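**Q** attaching a predicted model along with its sequence, questions to come.
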Amino acid sequence: MKMVKEEYRQKAEEIGSVIKDRLKAIMLAQPIFFKACALLCKEEFKMAADIVIIEEYLASSYWAGREVFGDQMQYQDERVQAAAKEMSEEEVVKLSIVSYLADEIEVEIEKEKQKRKKDFLARKKVGMILRVYATKAEDVSNRVSMIHEAVAAAYKATVDGHQLIKRIDVLVWSDENYADADCGLTRGALFESFFTDPDYPLHSGFHLSEVKHGDLFCGLLNYGVVHQLRHGCDYSLVISAEAFSYMTPETMDAMVNAACSGARAVGVAINELTQSIKDGRIANTFAMWHNESLMTVGGFDLRAAKPANEFSTHYMKGWSQEKKEPVFYHLAGVEEVIPLARLTETFGPCIAPILPSGEGVQQYQIPDPIGSPELWQRHISKMGTKLERQSALLAAIGMDISFLRGGVMPQYRQ
């Protein structure tokens, strides 16, 4: 429908004065508009998917924009000039208007991000789960020291001035069905160290439990997650005491931002597992789970449970490059991959790998083969067959390991 030139100018003036307010109003009313603007600001233009959302407003400004802004608006940046060769004239002008408002949109997006983050810190409760055991009595003091360091780091984990971790559950693995479970002394040593030392500034959210039923990998974690969910924790941070140095404010801030963006599983790429974590196979060495979502897909599947004895062990046969001979390993551990696959299948891409950052980030502390031979042997066995075990467990539910790469949220793919 044609309009006279005076109507063009009048319409342009109306748009010039109200379009920003309209954009803000649409942004609040339609989350899909927020998503489209985020794509546009990242220079990822998908005309059919993005522009259609604001087409109702842009179409009415097409001729008005030509009259008022002319070439200055039409070709205000190189992206539009390049795109103009492949687009219709109307598409170019529509895209130009969005580009013209990109800075304003980006400011609004940042405001929205900060609002979500503020709401998260005020309303969401994050808990931390630490697993600990000492098969031998002489290892107890070492385990107690490791837990002290991890808890101290958790107390310092702040984001925008808020203490992130509201509850800490230290779970002592004491199932008597397992020969290598705790010797029976660790809980008492931890209790004496944390609760009877008058100089220790114990946090009110610290809780110590001895778990006598369940394996180390799945049963203990499912207990911890359900326990924290019962006490109001929206998220649970599962971390190995050896990884406490990664708990910098910058890294914790990045994890919160990921959760605010919709991530249901967030994993920190510790040094020896960086690539696999970037590929979506996050590890409970340092991972944060959205508890309700995790339990919706069944928690940590018991297919990955630690076997109690040789009769319940499912062995796999592989090849050792170092020994140049066949090796056998039991299919256990790597409890993360099945729930990650099921989260992706249920909710779509929702995995966020995070690269650690900030002052004081150290390397993962590999157990000392002399001081902690038991933990060192477990570490070597675990790392040497991790990929094979992950692949085998995913195959058991009809999934390929590549499926987890697709589970990584687009903005976190590297």
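**A** Alright, I've got the coordinates.
**Q** am I right that M128 falls within a strand?
**A** Yes. Using DSSP: H, G, I helix; E, B strand; the rest coil, the assignment for M128 is a strand.
**Q** gap between it and L355?
**A** In this view, M128 and L355 are 21 Å apart by CB to CB, to the nearest Å. All C-beta atoms are positioned from the backbone trio N, CA, C, and that covers glycine.
**Q** more neighbours: these two, which one.
**A** M128 (28 against 14; other CB atoms under 10 Å).
**Q** measure stretch 296-314 end to end?
**A** 27 Å (CA to CA, to the nearest Å).
**Q** ok, now stretch 156-164?
**A** 9 Å.
**Q** poorly predicted segments of the stretch 201-350 of the chain, please.
**A** 201-203, 320-323, 329 (pLDDT under 70).
**Q** all helices of it, in order?
**A** Taking DSSP state H, counting those that start in this stretch, the helices of the stretch 201-350 of the chain run over residues 219-230, 249-260, 274-278, 291-296, 337-347.
**Q** tell me which residues in the third one are buried?
**A** For helix 274-278, a neighbour-count test (16 or more other CB atoms under 10 Å) marks S276, I277, K278 as buried.
**Q** stretch 212-226 now?
**A** Quick answer for stretch 212-226 (16+ other CB under 10 Å): G214, D215, L216, F217, C218, G219, L220, L221, N222, Y223, G224, V225.
**Q** and the residues you listed, which is closest to I165?
**A** G224 (13.7 Å; CB to CB).
**Q** what number of residues lie near the residue lying closest to that closest one once chain neighbours are set aside?
**A** In this structure, G224 finds its nearest non-sequential neighbour in I129, 4.1 Å apart by CB to CB, 6 or more residues apart in numbering. I129 has 23 neighbours, counted by other CB under 10 Å.
**Q** any idea what I129 is bridged to?
**A** D169, V238 (DSSP bridges).
**Q** tell me the strands in the stretch 51-200 of the chain, going along the chain?
**A** Ranges of strands within the stretch 51-200 of the chain are 126-132, 158-159, 162-163, 165-173, based on DSSP state E, counting those that start in this stretch.
**Q** for T385, find the nearest of these.
**A** strand 126-132 (20.3 Å).
**Q** quick one: that closest one to helix 219-230, angle?
**A** 150 degrees (axes from the mean of the first three to the mean of the last three CA atoms, to 10 degrees).
**Q** so who does N257 touch?
**A** Contacts for N257 (CB atoms under 8 Å, 6 or more residues apart in numbering) come out as K113, K117.
**Q** measure it to P249 for me?
**A** Taken as CB to CB, the span from N257 to P249 is 12 Å.
**Q** could you do V159 as well?
**A** If you go by CB to CB, the gap between V159 and P249 works out to 7 Å.
**Q** surely the residue nearest to G224 meets I165?
**A** No. Using CB atoms under 8 Å as the test, I129 is too far from I165 to be in contact (10.5 Å).
**Q** where do the contact lists of those two overlap?
**A** Residues touching both I129 and I165 by CB under 8 Å, 6+ apart: L237.
**Q** Q414 and G407, how far apart?
**A** Taken as CB to CB, the span from Q414 to G407 is 14 Å.
**Q** identify the residues contacting H330.
**A** P307, T313, H314, Y315, M316.
**Q** same check, this time on V226
**A** Counting by CB under 8 Å, 6+ apart, V226 has contacts M295, G299.
**Q** that one and A395, how far apart?
**A** Taking CB to CB, one finds V226 at 28 Å from A395.
**Q** now D139
**A** D139 is 36 Å from A395, by CB to CB.
**Q** do F194 as well
**A** 43 Å.
**Q** re earlier: show the pLDDT at the residue nearest to G224.
**A** With respect to pLDDT, I129 scores 97.
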